[in-house]
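Peer 1: Quick one, structure for this:
(chains A and B)
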Amino acid sequence: MSFSWQSVYRFLTRAVVGGLLLFSCAGCGSRAEQRADLVIINGAEPESLDPAIVTGQPDIRVAGALFEGLVRNDPHTGAPVPGLAERWEISDDGRLYTFYLRTNAQWSTGEPIMARDVVYSWRRVLSPETASDYAGQLFYIKNAEEFNRGEIKDPSRVGIKAIGPRTVRVELTGPVPFFLDLCTLPTLAVVPEWTIERYGDRWLMARPLPVSGPYELVSWRINDRIRLRKNRRYWDVAHTQNDRVDVLPVGSANTALNLYETGAADIVWDKELAPSELLDVLLKRPDFHTFDYLGTYFIRINVTRKPFDDPRVRRALAMAIDKTRIVEKITRAGEKIATHLTPPGIPHYDPPNGLGYDPETARRLLAEAGYPGGKGFPTFQYMFNAAAGGAAKTHEKIAVELQQMWRQELGIHMELRQAEWKVFLAAQSALDYDLCRSSWVGDYNDPNTFLDLFMSWSGNNRTGWKDPDYDRLLREANSRADPAARATLLQAAEALLVRDAVPVLPLFFYRGISYYDSTKIQGIYPNILDQHPINAVRKVR
Amino acid sequence: MYFLKRLFFLLPLLLLISFLAFVLVRVAPGGPFDKERKPASPEIERNLKAKYHLDESFGKQYERFLAGLIRGDFGPSLKYRSHSVTDIMTQGLPISMTLGLLAFGFAMGTGIPLGLITAVRRGGWIDLGGSFLAILAVCVPGFVVGPLLIMLFAIHWRLFPVGLWGTPAHAVLPVIALGLFFAGKVARLMREGMLGVMNAEFVTAARARGLSEGAVIIKHAFRLAVLPVVSYAGPMLADLLTGSFVVENIFQIPGLGVFLVNSSLNRDYPMVVGLVLLYAVLLLGLNLVVDMAYRWLDPRVKYD
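Peer 2: Modelled structure (predicted):
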């Protein structure tokens, strides 16, 4: 039997040539681009880069490089420092802010940035048609909430006005001590009116795209890369360090590590992108950096369900958790254990200590509530979400650990329920759970960003717990201009939350992980806001 | 005539499919705007729903969708609010298609010869080794092959990039990772087809006419033996073209595969419906092509 190798060979060459032809065609579609001066792996693909829409950390990092507001973050501390406004005045009662814009502030297309641009941008966030998730960050401005609700139609009644070509006056509903911090959020950044009015929802695709921040948007290919180029008309262009920056969206920790290790990326700055299986090895390396930031991992309790309507039961649960074991055995990045909700390190505020690990008292409380030794305590569920990458495993491990601790210390039985993210959120909002995993990352450097979650009316409460005293304490605190008096009221509110009523069980404070070779990359400073302006990052050659 | 009729039925079928996708994705619990960070007031959520017409009645929403469809507009993505579904598909589809066609070429180019050789050399060590390789390729999943290839060829020997997309070198490892399974499958189908045909009467007749063994195999036996591969090629191509969640994820390739999974997890209604329709068009279209190829390859096949 002679087999014709020739025909097979012919067939194969055809296949290969065909493949190559196809490929060269593919090449013209996505031409190979040169490596940028700085390549940053930034976490998930941004949902948007429109300052009025962004809410996630990866989105905010890029949107903040494109659009600046009156105030920006200091790269060292994250504290508010002058941005497009060179200075401001605050009235004695803390309700009136007057911002003076820089005379050299201009759009990347050359037009000056004026007070009316600021007014337009802020009104746009509040306008119901924009449907901005973070419109609430502007609700501290007089009539802003009413305008967003549609109760007030006339935008000129909102407390933001251009009182001169380069002067903006903002009238607040009360003395909001963290208003300057809010001004650093991209939500309050300045955006180009004429481009938005012309192109509508797809204005970011317009070219040239006028930007107010240190970088221009060269290209944005979804799930591929965002390319930024230095804005030469930015008022502080002298301090912009890199000409071209590529921002890569990478969802998988292993891929991120591979890209970094082979030199395809300079910086990986998303906590989820450190492979958790390798954490013990990686954290010993000098190019892996950990830092504290404003994030808390906690458990929500549905207080509308028996037996969790009894605060004694909730306190017993809190005191039977050995949190040290969780951070040492499971999370392992040096997290601090949490007994209160507000992370440490916020200026002018010392959070009150909540309930510590005390199984003895926990058993006594449970007995007082009518369940001595866990007898008669119904089986309940702990809901946690399926998440991408390593986080899912962490949630599950913590759930198993809790299950074991509560069985051992209190003699009660808990079932685990893992739910897909959207199902999880829907169940949480509908109070269709017993206990559930939760976390929160602060938007600005003030206890309010954590404590206002549990106001009775808040959509982020999701525990069913309502306490007029808590609401009153928080409202009163936010009407005080004096930091010390305010702190006392906030402490009282937080103590109520984590010591007495306990609708939430704080477990630990997150620790951020980023990796970059600090002999080559400079200008990234640890701060609790986890804010690292891209224009301050420097690559040393 | 037959094919015209089939083309004619394609349209109502696609409509039905889009309707089902439209309904099912809305039945699933949770919605596109369910987020960990709830907006500061319920009005903000209401504004969001109003902006994307999710506050309208179901019938009205479907009407709006159909009107958009006629204009070739699937609407905005509800997850990636600055992009439209068409934007995302026009960016991702060419990449997924390139990757898929290359993997298709790889699977056919290695699978068919491997199947042929193992069938012709039946029982010998070539058959044994080749069949083993084919079974191995079928058994080892992409999420094992991908990282293995990266470890060896990208990290250890540094021959190819570990991920991303752009140059031909970026495609080599993902194409292998994606195509290997199908190559194994094609090889097995080809081998079985060939074994079945080799003893058929017309093959013996061809031999009796004094044709060389090579001509018998390529000109006569192959045409019939390749039929199972051809009928498998349709769904395989559709599978490959719409991208692979696993391989695109491992190699960080900006194709559509990732969206195929994530859009439904995100409850990105317009994106889900758009992708389902795209996939349906590809699948139905490719099946049609396969049936036509059948008729061309096997004169005994008749449709009416």
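
Peer 1: which regions of the chain lie under the pLDDT threshold?
Peer 2: You didn't pick a chain, so chain A it is. Within chain A, the segments meeting pLDDT under 70 span A:1-33, A:388-392.

Peer 1: To clarify, I was referring to chain B.
Peer 2: Judged by pLDDT under 70, the stretches of chain B that qualify are B:243, B:303-304.

Peer 1: Let's see that with 50 instead.
Peer 2: Judged against pLDDT under 50, chain B has no low-scoring part.

Peer 1: max-length helix in it?
Peer 2: In chain B, with assignment by DSSP state H, the single longest helix is helix B:85-120.

Peer 1: helices or strands up against that helix?
Peer 2: Packing partners of helix B:85-120 (3 or more CB pairs under 8 Å, 6 or more residues apart in numbering or on different chains; DSSP states H and E): helix A:5-29, helix B:125-139, helix B:168-198, helix B:227-241, helix B:245-250, helix B:257-265, helix B:269-297. Placement of C-beta: from N, CA and C, glycine included.

Peer 1: For the second one, list every residue counted as buried.
Peer 2: Along helix B:125-139, the positions that meet the burial threshold by neighbour count (16 or more other CB atoms under 10 Å in any protein chain shown) are B:D127, B:G130, B:S131, B:L133, B:A134, B:A137, B:V138.

Peer 1: hmm, that helix touching chain A?
Peer 2: No: residues of helix B:125-139 contacting chain A under CB under 8 Å from any CB of the partner chain: none, with a closest distance of 10.2 Å.

Peer 1: Between helix B:125-139 and the helix or strand just after that helix, find me the angle.
Peer 2: Downstream of helix B:125-139, the first helix or strand assigned by DSSP states H and E is helix B:142-149. Using axes from the mean of the first three to the mean of the last three CA atoms, to 10 degrees, the direction of helix B:142-149 lies 110 degrees away from that of helix B:125-139.

Peer 1: Now do helix B:142-149 against helix B:168-198, angle only.
Peer 2: Relative orientation of helix B:142-149 versus helix B:168-198 (the same axes, to 10 degrees): 130 degrees.

Peer 1: close to chain A, is helix B:142-149?
Peer 2: Yes: with CB under 8 Å from any CB as the measure, helix B:142-149 is seen reaching chain A through B:P147.

Peer 1: Would you mark the buried spots in that helix?
Peer 2: Here helix B:142-149 shows B:G142, B:V145, B:G146, B:P147, B:L149 as buried, counting by 16+ other CB under 10 Å.

Peer 1: swap in stretch A:316-326?
Peer 2: Taking 16+ other CB under 10 Å as the criterion, stretch A:316-326 shows A:A316, A:L317, A:A318, A:M319, A:A320, A:I321, A:D322, A:K323, A:I326 as buried.

Peer 1: go on, stretch A:249-262?
Peer 2: A:249-260, A:262.

Peer 1: just stretch B:204-217 next, same as before
Peer 2: Applying 16+ other CB under 10 Å to stretch B:204-217 flags B:A206, B:G214, B:A215, B:V216, B:I217 as buried.

Peer 1: Can you give the distance of stretch B:28-47 from its chain's centre?
Peer 2: 34 Å (CA atoms, centre = their mean, to the nearest Å).

Peer 1: And stretch A:247-254, by the same measure?
Peer 2: 17 Å.

Peer 1: Would you mind putting the CA coordinates of that stretch into PDB?
Peer 2: What follows is stretch A:247-254, C-alpha atoms only, in PDB (Å, rounded to 0.1, in the frame of the first residue of the first chain):
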ATOM      1  CA  VAL A 247      -3.900  51.300  30.500                       C
ATOM      2  CA  LEU A 248      -4.700  47.600  30.100                       C
ATOM      3  CA  PRO A 249      -7.800  46.000  31.400                       C
ATOM      4  CA  VAL A 250      -6.900  42.600  32.800                       C
ATOM      5  CA  GLY A 251      -9.400  40.500  34.700                       C
ATOM      6  CA  SER A 252      -7.300  37.500  35.500                       C
ATOM      7  CA  ALA A 253      -4.600  37.700  38.200                       C
ATOM      8  CA  ASN A 254      -2.400  35.000  36.600                       C
END
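
Peer 1: one step back: quick one: which two of the buried residues of stretch B:204-217 are the most distant?
Peer 2: B:A206 and B:G214 (11.5 Å; CB to CB).

Peer 1: what residues does the stretch 151-300 of chain B put near chain A?
Peer 2: B:154-155, B:158, B:161-168, B:171, B:212-215, B:217-218, B:249-252, B:254-255, B:258, B:265-267.

Peer 1: mind listing what the closest residue to A:D467 other than its chain neighbours touches?
Peer 2: Nearest non-adjacent residue to A:D467, counting by CB to CB, 6 or more residues apart in numbering or on different chains: A:A501, 6.2 Å away. With contact taken as CB atoms under 8 Å, 6 or more residues apart in numbering or on different chains, A:A501 is in contact with A:P311, A:R314, A:W465, A:D467, A:Y470.

Peer 1: Next one: the second one from A:I40, what distance?
Peer 2: Looking back up the chat, that one is A:R314. 42 Å (CB to CB, to the nearest Å).

Peer 1: same question, the fourth one
Peer 2: For A:D467, the distance to A:I40 under the criterion CB to CB works out to 43 Å.

Peer 1: The third one now?
Peer 2: According to CB to CB, A:W465 stands 40 Å off from A:I40.

Peer 1: Grab the nearest non-local neighbour of residue 37.
Peer 2: Going with chain A. A:N242 is the one closest to A:D37 (CB to CB, 6+ apart), at 4.3 Å.

Peer 1: wait, I meant chain B there
Peer 2: A:T55 (5.9 Å).

Peer 1: give me every residue that touches the residue at the greatest distance from the centre of chain B.
Peer 2: The centre of chain B is farthest from one residue, B:S41, which by CA atoms, centre = their mean lies 43.5 Å away. Contacts for B:S41 (CB under 8 Å, 6+ apart) come out as A:G136, A:F139, A:E145, A:N148, A:R149, A:G459.

Peer 1: Assign a three-state SS to the nearest residue to the first one once chain neighbours are set aside, would you?
Peer 2: By that I understand A:G136. Nearest residue to A:G136, sequence neighbours excluded (CB to CB, 6+ apart): B:A40, at 2.3 Å. When classified by DSSP: H, G, I helix; E, B strand; the rest coil, B:A40 comes out as coil.

Peer 1: wait, doesn't B:A40 sit right on A:Y140?
Peer 2: No: using CB atoms under 8 Å, B:A40 is not in contact with A:Y140; the gap is 10.2 Å.

Peer 1: need the contact list for B:N287.
Peer 2: Counting by CB under 8 Å, 6+ apart, B:N287 has contacts B:G234, B:P235.

Peer 1: try 10 Å
Peer 2: B:R6, B:S231, B:G234, B:P235, B:A238 (CB atoms under 10 Å, 6 or more residues apart in numbering or on different chains).

Peer 1: separation between it and chain A?
Peer 2: Distance, B:N287 to chain A, by CB to the nearest CB, to the nearest Å: 22 Å.

Peer 1: middle-most residue in the chain, spatially?
Peer 2: Let's take chain A. Central residue of chain A (CA atoms, centre = their mean): A:Q57, at 4.2 Å.

Peer 1: ah, I was thinking of chain B
Peer 2: Closest residue to the average C-alpha location of chain B: B:D239 at 1.6 Å, with CA atoms, centre = their mean.

Peer 1: A:N478 versus that one, what's the distance?
Peer 2: To A:N478, B:D239 is 57 Å away according to CB to CB.

Peer 1: next one: B:L283
Peer 2: Distance from B:L283 to A:N478, by CB to CB: 58 Å.

Peer 1: These two: which is more packed in?
Peer 2: More crowded of B:L283 and A:N478, by other CB atoms under 10 Å in any protein chain shown: A:N478, with 21 against 18.

Peer 1: I appreciate the help and will end here.
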